[in-house]
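In: predicted model, plus sequence, below.
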Amino acid sequence: MNAFAWFFLSLRGRISRQEFWLGYCGIVVVALLLVHALPHPSGVIFYVPGDDPRDEPWRSAPFSFGWPEFISLMLAWPVVAIYAKRLHDLNLSAWWLLVLPAITALAALGAFDELLVLAYCIVLFVLGILPGTKGLNRFGEDPLARTLGGKSGGNR
């Protein structure tokens, strides 16, 4: 498996904080470019959900599935893959990712949009800012040792 496929498709291994941010921001940029390049079935261009309540036809329609939803589904696996590898760098199981759907369900039940935003901010903080474990752990070798040829240091 080449490095690109491993990075975005595999749940195995570890990545550093820098690799996490590059991958995460890359996925966000690809998503934004695709959402703006491809038309929505209703003809409305969505920048972010909630731009204008009048421009949200899916709230009145019983079911709507357009390019934004398809793009979200297609990019969900690469996001899960980089989240899992970053959790592995922190010596945590990728099963911790199941907390996110649980929080999403609780927020939807109680209409706590702020809780959902806070949960995702906490996840990004933990994955993107906290340094990983140094040296070998149960998920593989240290990503910094891999990229620096065994030398210690760098941006964890």
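Out: Cool, the structure landed.
In: buried residues in the longest helix anywhere in the chain?
Out: Longest helix in the chain by number of residues, with DSSP state H as the criterion: helix 67-89. Residues of helix 67-89 classed as buried: 67-68, 71, 75, 78-89 (neighbour count, 16 or more other Cβ atoms under 10 Å). To be clear about C-beta, it is placed using only N, CA and C from the backbone, and glycine gets the same treatment.
In: and what of stretch 136-147?
Out: Neighbour-count burial for stretch 136-147 flags 137, 139, 142-145 (criterion: 16+ other Cβ under 10 Å).
In: of those residues, closest to Val28?
Out: Distances from Val28 to those, taken as Cβ to Cβ, are shortest for Pro143 (21.2 Å).
In: all helices for the chain, in order.
Out: Assigned by DSSP H, the chain shows helices spanning 3-9, 17-37, 67-89, 99-110, 113-129, 143-147.
In: redo those helices as a markdown table? Include mean pLDDT.
Out: Shown next, in a markdown table, are the helices of the chain (pLDDT from 0 to 100):
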| stretch | mean pLDDT |
| --- | --- |
| helix 3-9 | 92 |
| helix 17-37 | 90 |
| helix 67-89 | 90 |
| helix 99-110 | 79 |
| helix 113-129 | 85 |
| helix 143-147 | 80 |
